[in-house]
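Visitor: following is a predicted model, sequence given first.
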Amino acid sequence: MNPLLALRLAGYARDAYRQHPWRWRVIAALPLAGPLLAGILVTGVLIAIADDSGGSADTPAQVPGIPAVMLTAYTRAAQRIAQLRPDCRGMRWPVLAGIAQEESHHAAGHAIAPNGDIAPPILGPLLDGSGTGGNRSPVRNLHGTFARAEGPFQFLSTTWSTVAQDGNDDGNRDPQNAFDAALTAAVYLCGRGPRDLGKDPDLRDAIYSYNASQVYVDRVLADIRNYDALQRKPVANAPAGGRAKQVIDAATSQIGVPYAWGGGTATGPSRGIRDGGEADRHGDYNKIGFDCSGLTLYAYARVGVVLPHQSGAQFALGTRLSKADGLTALRPGDLVFYSPGVIHHVGIYLGDGQMINAFASGTVVRKDPVDLHEYAGGARLLP
């Protein structure tokens, strides 16, 4: 047998046994039950294992803004927590993603190896009471030196020493490893007693135990709601027709046209303007192109709909499509908006989780996945 294949099969068997030991005990007893019964039971057990090994049917293949290894770490931790904390219910990957979003933006700016190792290390400020990072009370680690939070889930060494888990089964427990850190975060959030993270009070309590700040709790809950919306998968949209198709065709015909702050009219791309900042650094005032709302007003002008040249003003038009409903509420041709507090960006929904937009200075008109992290909802302008 190919040695690599043998190693993979051995790893699969090991993980399957750890997740479902009773099934493998059944298999071990089968020779005593006779060939016919053994054959029947082996088939049933292997089918059951195969069904479980594929992960949650609600887990998307990719999530904008989350590296693939990090998403795998979250989903694997959510699947394994029942073995470690059987009294914990409702753990799911969006809960872990919500925490990691606030703690490290999913290890943004760091390399993540397939085994979960993160480089360079993610280190918080020294908690020496100087006020850096809001810390006013010195915190020391087990060696007496000033502590600092570590890894994508920002664990203190004192906390890590009490709950650390080996999420990738390599014999080490490293806060700088995505799999170890995600499984440890799941254990910490579940606590020691019964807890149902599918219920809002228990979920709030768990997040508050992670960081005793109601502002933090509210931010994480907002992130979780955004990621939960991805599990309500977008409707498999039929191809756009009628006026919506005209709008989409007009927008997609401009793919590759430069972004230009202030650019775009009802008749096409136009020269950008100065903004005194980012756009000026990219020379947008010397480019012929579109900004985000300039592209949408151009596309909708093709069907006689007049839009203002400002995304916030466009947000006030049409039929509101709730942020909480995620992509399920959208259909091709709808406007999609983004806001970290105020509306700052707009695109046109194409269907199947994709949009077309003039993204930012230094880019061009392009197709992108609808990122739900700052998604503020949509607007339907066409009946």
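Guide: Everything's here; your move.
Visitor: could you point out which element follows the worst-scoring helix or strand of the chain on mean pLDDT?
Guide: None of the helices or strands of the chain scores lower by mean pLDDT, DSSP states H and E than helix 35-53, at a mean of 39. Using DSSP states H and E, the helix or strand that follows helix 35-53 towards the C-terminus is helix 68-84.
Visitor: and that following helix, which residues are buried?
Guide: 69-81 (16 or more other Cβ atoms under 10 Å). C-beta: built from backbone N, CA, C; applies to glycine.
Visitor: and those residues as JSON lines, adding pLDDT?
Guide: Output for the buried residues of helix 68-84, formatted as JSON lines (pLDDT from 0 to 100):
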{"residue": "Val69", "pLDDT": "96"}
{"residue": "Met70", "pLDDT": "97"}
{"residue": "Leu71", "pLDDT": "95"}
{"residue": "Thr72", "pLDDT": "96"}
{"residue": "Ala73", "pLDDT": "97"}
{"residue": "Tyr74", "pLDDT": "97"}
{"residue": "Thr75", "pLDDT": "96"}
{"residue": "Arg76", "pLDDT": "96"}
{"residue": "Ala77", "pLDDT": "97"}
{"residue": "Ala78", "pLDDT": "96"}
{"residue": "Gln79", "pLDDT": "95"}
{"residue": "Arg80", "pLDDT": "96"}
{"residue": "Ile81", "pLDDT": "96"}
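Visitor: between these, which is closest to Ala111?
Guide: Val69 (10.0 Å; Cβ to Cβ).
Visitor: quick one: Tyr216 from Gly98, how far?
Guide: Look at Tyr216 and Gly98: by Cβ to Cβ, to the nearest Å, they are 11 Å apart.
Visitor: which one of these two has more residues nearby?
Guide: Gly98 (23 against 16; other Cβ atoms under 10 Å).
Visitor: does that one touch Asp223 like I think?
Guide: Yes: using Cβ atoms under 8 Å as the test, Gly98 is close enough to Asp223 to be in contact (3.8 Å).
Visitor: skip the chain neighbours and tell me the closest residue to Pro67.
Guide: Nearest residue to Pro67 in three dimensions, chain neighbours excluded: Ile112, at 5.4 Å (Cβ to Cβ, 6 or more residues apart in numbering).
Visitor: neighbours of that neighbour, how many?
Guide: The local packing of Ile112 (other Cβ under 10 Å) involves 19 other residues.
Visitor: what do Tyr216 and Gly98 both touch?
Guide: Taking Cβ atoms under 8 Å, 6 or more residues apart in numbering as the criterion, Tyr216 and Gly98 both touch Ile207.
Visitor: so where do the strands sit in the chain?
Guide: 88-89, 111-112, 118-119, 195-196, 270-271, 288-289, 319-321, 335-338, 345-351, 354-358, 365-369, 375-380 (DSSP state E).
Visitor: domain map for the protein?
Guide: 3-53, 68-231, 242-380 (automatic domain parsing).
Visitor: dump those domains to a markdown table, plus distance to Thr59.
Guide: Listed next are the domains of the chain as a markdown table, based on distance: least, Cβ to Cβ, whole Å:
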| stretch | distance to Thr59 |
| --- | --- |
| domain 3-53 | 13 |
| domain 68-231 | 5 |
| domain 242-380 | 15 |
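Visitor: which of those has the lowest average pLDDT?
Guide: Mean pLDDT is lowest for domain 3-53 among the domains of the chain, at a mean of 42.
Visitor: measure Leu203 to Arg225 for me?
Guide: In terms of Cβ to Cβ, Leu203 sits 11 Å off from Arg225.
Visitor: between these two, point out the one with more neighbours.
Guide: Leu203 (22 against 15).
Visitor: can you tell me how far that one is from Gly90?
Guide: In terms of Cβ to Cβ, Leu203 sits 7 Å off from Gly90.
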